[in-house]
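In: Only the shape, not the letters, is given here:
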């Protein structure tokens, strides 16, 4: 039984690999049988010479896919030879060859082949013109159907390639967004923690209570940053649970953020002008991260004594400015002249995604000014 199963599987594989050849062989055999029946309908016994010509005509059909026009001419010549020797061929091979020409060659060529073929068959008293037209029409339909199917397959393949490209682009954009988030979280946390620890160490012996309060704030900041990092890592591993994660920062937490920099030794003030209104989550997160990055840069690189953060709600735009009175802005990457996509460059990327603009330059009277304008649409 096992040997029989293997034999059947091998036969199926052989048939699958040679499906076209097997089909053409079957067509040639059936056509030869039909032609025998039509030619020798009232004749017994079968004569050798016309029988050989009929077999040759059927054998020619095996090459019909490779040379359809040549096969059509050859089988018509065989039919003419039969008619010239006094026999009345049925014309089945000629009709099959005409069908193949219509299926595989261009419409103009097959139409040009139809006219002489139909005339020849009718003149030889083999077949009426309508039968030839039907054979040509069936071949034309098969060609149209095949081309339509091929076009659908090509379109499906194109859509699949496009879907894969969009998936790759989306993944790259997501990685870029996550890289910005991680940079902002880590930069803020490490900077505030480092300055807090330095401040606590400076007053540890002279003012232990102050040092204790500072370290407590550092601990709180570290816990919050750790929670943010866990949220980002969980989002990377299980994005479908995003709704269950801790909410992303918004403008409601901006006052707390500004105050935390004051606790770290950078006097900062938040001012809000215009009529405040809720914004899209992506806009609020981007504005929050821009302010956070600007404050972190000031804390790390500028010897500032005061920073003012301003949110200006306009009719169609939100203006965000972070101005400090320091005497330098720090590293070139923070000034937007280089770097690997962080600092000012990262801010510009965030604003660019929202369709806004960012300007970062030294102030006219010293210090540094970061200004962003974000479109927020008409007020409801």
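Out: Noted; the coordinates are in hand. Treat the numbers as computed from the prediction; the structure is a model and nothing was measured.

In: how does this structure divide into domains?
Out: Domain assignment of the chain by automatic domain parsing yields the ranges 2-127, 250-380.

In: Which one of those domains lies nearest to residue 163?
Out: With respect to residue 163, and counting by C-beta to C-beta, the nearest of those is domain 250-380 at 22.5 Å. All C-beta atoms are positioned from the backbone trio N, CA, C, and that covers glycine.

In: Off-centre distance for the closest one?
Out: Distance of domain 250-380 from the chain centroid (C-alpha atoms, centre = their mean, to the nearest Å) equals 34 Å.

In: quick one on the thing from earlier: out of the domains of the chain, nearest to residue 161?
Out: domain 250-380 (25.8 Å).

In: those strands in the protein, which residues are they?
Out: 268-273, 307-313, 317-324, 357-362, 368-375 (DSSP state E).

In: residues in contact with the last one?
Out: With C-beta atoms under 8 Å, 6 or more residues apart in numbering as the test, strand 368-375 has contacts from 283, 286-287, 290, 294, 298, 302, 316-324, 326, 329, 344, 347, 351, 354-363.

In: Residue 31: what's it in contact with?
Out: Here residue 31 is in contact with 58, 61, 92-93, 96 (C-beta under 8 Å, 6+ apart).

In: For the stretch 101-250 of the chain, which segments count as helices?
Out: For the stretch 101-250 of the chain, the helices defined by DSSP state H, counting those that start in this stretch cover 107-123, 129-202, 208-237.

In: Switch these over to CSV; also include mean pLDDT, distance to residue 248 and mean neighbour count.
Out: Shown next, in CSV, are those (pLDDT from 0 to 100; distance: least, C-beta to C-beta, whole Å; neighbours: other C-beta atoms under 10 Å):
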stretch, mean pLDDT, distance to residue 248, mean neighbour count
helix 107-123, 85, 61, 16
helix 129-202, 79, 9, 14
helix 208-237, 72, 8, 15
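
In: just so I know, which of these lies nearest residue 306?
Out: In terms of C-beta to C-beta, the element of the helices of the stretch 101-250 of the chain nearest to residue 306 is helix 129-202, at 16.0 Å.

In: Which neighbouring elements make contact with that closest one?
Out: helix 92-104, helix 107-123, helix 208-237, helix 254-263, helix 281-301, helix 343-353 (3 or more C-beta pairs under 8 Å, 6 or more residues apart in numbering; DSSP states H and E).
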